[in-house]
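[1] okay, sequence plus prediction incoming.
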Amino acid sequence: MEHISLLFQVTVAISVYYVWIFRYHNVLAEFKQFGYSDVFRNFVGAAKMSISALLLLGLCYNEITLYAALGMAFFMLSAQLTHLKVKNPFIQRLPSLVFLLMSLFIAAFNYGLL
């Protein structure tokens, strides 16, 4: 379980960086579709990238991992709700759903539930 949790930490963090750096054009289009402001989009991006850094830092300092995973789960749950609000198809909701589940797994493992 520990290896899975560590793998999920790295996967979630690197994926968030990848989306917000190399696929930023998709982020721009999605936030425009959602009707959110540029300021809010930038806040979400900075927060998710910071939480990703904390997930990676959690590989060395385990005591921050639970909080980082819960923070990321919050943003992924928010993404799910937003996709539902604008009635996006399931395939567009799938990535944030997978990362929500991975973040909850990380949190549960680091809280001692698994």
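    That came through fine.
[2] and the residue nearest the centre of the chain, what element?
    With distances taken as CA atoms, centre = their mean, the residue of the chain nearest its centroid is M72 (4.4 Å). Assessed by DSSP states H and E, M72 sits inside helix 65-85.
[3] after that helix, which helix or strand is next?
    Of the helices and strands lying after helix 65-85 in sequence (DSSP H and E), the nearest is helix 90-111.
[4] returning to that earlier point: now the residue nearest to the centre of the chain: closest residue in space that isn't a chain neighbour?
    Setting aside the residues directly before and after it, M72 is nearest to S103 in space (CB to CB, 6 or more residues apart in numbering), at 4.4 Å. For glycine as for every other residue, the C-beta is placed from the backbone atoms N, C-alpha and C.
[5] residues in contact with the one you found?
    Each residue near S103 by CB atoms under 8 Å, 6 or more residues apart in numbering is listed here: F8, V12, A69, L70, M72, A73, M76.
[6] surely the last one is in contact with L100?
    Yes: counting by CB atoms under 8 Å, M76 touches L100, with 3.7 Å between them.
[7] quick revisit: which two in the contacts of S103 are spaced the farthest apart?
    F8 and L70 (13.6 Å; CB to CB).
[8] between the two, which one's more packed in?
    F8 (21 against 16; other CB atoms under 10 Å).
[9] mind checking what secondary structure that one has?
    Put simply, F8 is helix when judged by DSSP: H, G, I helix; E, B strand; the rest coil.
[10] distance of it relative to L94?
    Distance, F8 to L94, by CB to CB, to the nearest Å: 16 Å.
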